[in-house]
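In: turn this into a structure:
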Amino acid sequence: MNRITTDKLNEGDSFLVLSSAPMLKENNIRLVKEIQRLHYQIIMITFNQPSPILKRTYLKNDVDLEPIIFIDAVSKYALGTLPDDIDRAVFINNPRNLTNLSVAISEMLKEFKDTNTCVILDSISTMLIYLSSDDISKFVHFMTSKMAILGMPGFFVAVENGLNPVLMSHLSTFTDEVIDFTSPADPADD
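Out: Below you'll find the predicted structure:
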């Protein structure tokens with residue numbers, strides 16, 4: 001595993017995090033714990049799981065919820081209304097609406113501009129259900145550019161073999177480093 005260091009986060013680098021499909025949930029937890037170990041707040045953009053489910057998963061795995069704010073692109077779309085658990089979360093009406101998502105992200109980035117905060121987008125692969133590869137490429141380029149200007153690090157999680165080669169090439173180009181989480185965690189990393 002490529003170890004995430006404070007130096008890399010302080011530089012505002014962006015990372016493409018590759019996971020195997022069966023390990024996606026475990027690697028999400030692994031990534032969050034690694035970032036929290038470095039005392040960073042997290043803006044979690046969730047396409048893969050609704051934020052109330054992610055919160056329960058994190059609590060079961062001893063992840064501190066206090067430094068995590070969610071931008072939830074799936075709950076309201078799936079339920080047709082806001083979920084009961086809306087604490088520390090912003091909800092997007094439709095995961096296809098990149099304009100609303102971009103506005104929510106921009107507001108959060110401004111709010112946390114001068115803090116140790118990073119962004120995690122929980123699944124590029126799940127975004128493909130709702131959006132074209134071209135739209136995802138444009139969106140990730142927008143995100144990596146905006147975060148680089150603000151000096152804020154970002155992590156874009158994807159299933160290793162779940163992306164077409166052109167999208168994978170774009171994501172590799174837009175990000176500063178690829179982190180391979182396709183193998184099980186090394187106990188030395190915990």
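In: check the offset of the lengthiest helix in the chain from the chain's centre.
Out: Determined from DSSP state H, the single longest helix within the chain is helix 133-150. Going by Cα atoms, centre = their mean, to the nearest Å, the spacing between the C-alpha centre of helix 133-150 and its chain's C-alpha centre is 13 Å.
In: and what of stretch 28-36?
Out: Between the mean C-alpha point of stretch 28-36 and the mean C-alpha point of its chain there is a distance of 11 Å (Cα atoms, centre = their mean).
In: that stretch: which residues count as buried?
Out: 28, 29, 30, 31, 32, 33, 34, 35, 36 (16 or more other Cβ atoms under 10 Å). Backbone N, C-alpha and C define where each C-beta goes, glycine included.
In: tell me which entries of those lie within strands.
Out: Among those, no member is found in strands (DSSP state E).
In: report the buried residues of the worst-scoring helix or strand of the chain on mean pLDDT.
Out: Every helix and strand in the chain was compared by mean pLDDT, DSSP states H and E; the lowest is helix 75-79, with a mean of 72. Across helix 75-79, burial judged by 16+ other Cβ under 10 Å covers 75, 76, 77.
In: what is it packed up against?
Out: strand 89-91 (3 or more Cβ pairs under 8 Å, 6 or more residues apart in numbering; DSSP states H and E).
In: show me the contact partners of the strand it packs on.
Out: 51, 69, 70, 71, 72, 75, 76, 82, 83, 104, 108 (Cβ atoms under 8 Å, 6 or more residues apart in numbering).
In: do the same with stretch 161-168
Out: Outside stretch 161-168, the residues touching it (Cβ under 8 Å, 6+ apart) are 21, 124, 125, 128, 133, 136, 137, 158, 171.
In: let me have those in a markdown table, extended by distance to residue 146, neighbour count and pLDDT.
Out: What follows is these, written out as a markdown table (distance: Cβ to Cβ, whole Å; neighbours: other Cβ atoms under 10 Å; pLDDT from 0 to 100):
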| residue | distance to residue 146 | neighbour count | pLDDT |
| --- | --- | --- | --- |
| 21 | 29 | 11 | 91 |
| 124 | 17 | 27 | 94 |
| 125 | 22 | 21 | 92 |
| 128 | 22 | 19 | 94 |
| 133 | 20 | 17 | 94 |
| 136 | 16 | 23 | 95 |
| 137 | 15 | 19 | 95 |
| 158 | 19 | 26 | 94 |
| 171 | 16 | 23 | 93 |
